[in-house]
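Colleague: Here is a sequence with its predicted model. Questions after.
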Amino acid sequence: MARVFVITGPSGVGKGTLIRNLLSRVSGLELSVSATTRKPRPGEEDGVHYHFLTDEQFEERVRDGAFVEHADYSGRRYGTLRSELERRTAGGVPVVLEIEVQGARQVRETLPDAVQVFIVPPSEEALRERLVGRGTDSSDDVERRLKVAEEELTARDEFQYQVVNDRLEDAVEELERIVQSELPTG
Ligand code: ADP
Ligand code: 5GP
């Protein structure tokens, strides 16, 4: 089975930004598109950024065992579809999962060979600035995400690799080094 890379860390730390950069640098690496019950943000497309599901559709997939992992986050549900993961790994394509900490813990149990990377903010203040600066979440949602982040940050030592996303370019390079070293050619 091809390599699975789990990229986790608090909301707003820069996971999405780092992964976009990573995918443009590591040829053949693909991102698994998650399912969620949250509403699309402006510009987000169904099947591209997420598979946007209703609560009923999500629950039906949970019952069918369609998720490798799933978690509740900030009042919404998020999960990795087995089909998204397996159609890539079965064909030898390495996959990135961008998921929160509870999901990453589940993957550690079910896919112990997955490479786990925790992205750390340079400070809690920087995290707040990034979440606010991104401008995609209401102030209530920003506060909820920061509260969850406090708890998530205590989990960083559980993860095999930790990358501090201070200067973006440095963090991208470090992440790329980790990924290349874990690929068969690395
Ligand atoms: P996540 O996917 O972890 O929720 P995003 O990738 O959406 O985080 O990044 C949150 C915000 O922080 C975005 O506006 C992004 O442009 C910004 N950002 C990401 N990395 C850095 C960095 N190293 N320095 C400053 N801002 C950053
Ligand atoms: P957002 O609403 O900002 O897109 O995502 C909120 C949080 O859910 C982020 O920390 C993101 O990494 C996480 N997330 C996205 N997809 C999944 C998934 O499939 N499973 C889990 N467990 N978390 C996810």
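Modeller: Now that the structure is in, tell me what you want to look at. Numbering: from 1, shown residues only. Ligands and ions are numbered 1, 2, ... in the order given.

Colleague: low-scoring stretches of the protein, by residue?
Modeller: 186 (pLDDT under 70).

Colleague: Which strand residues bridge the most centrally placed residue in it?
Modeller: Residue closest to the mean C-alpha point of the chain, counted by CA atoms, centre = their mean, is residue 98 at 1.5 Å. Beta bridges link residue 98 to residue 7, judged by DSSP bridges.

Colleague: try residue 118
Modeller: residue 8, residue 162.

Colleague: So it is in contact with residue 155, correct?
Modeller: Yes. Counting by CB atoms under 8 Å, residue 155 is a contact partner of residue 118 at 7.4 Å. From N, CA and C alone the C-beta is placed, and that goes for glycine too.

Colleague: Looking at those two, which is more packed in?
Modeller: Per other CB atoms under 10 Å, whichever of residue 118 and residue 155 has more neighbours is residue 118, with 25 against 16.

Colleague: Pull the contacting residues for the more buried one.
Modeller: 8, 9, 104, 155, 156, 158, 159, 161, 162, 163 (CB atoms under 8 Å, 6 or more residues apart in numbering).

Colleague: Adding distance to residue 44, write these out as CSV.
Modeller: Converted to CSV, the contacts of residue 118 look like this (distance: CB to CB, whole Å):
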residue, distance to residue 44
8, 20
9, 20
104, 22
155, 27
156, 28
158, 30
159, 27
161, 28
162, 28
163, 25
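
Colleague: Tell me the buried residues within those.
Modeller: Buried residues within the contacts of residue 118, counting neighbours by 16 or more other CB atoms under 10 Å: 8, 9, 104, 155, 156, 159, 161, 163.

Colleague: So which bits of stretch 128-148 are buried?
Modeller: Quick answer for stretch 128-148 (16+ other CB under 10 Å): 128, 130, 131, 137, 141, 142, 144, 145, 146, 148.
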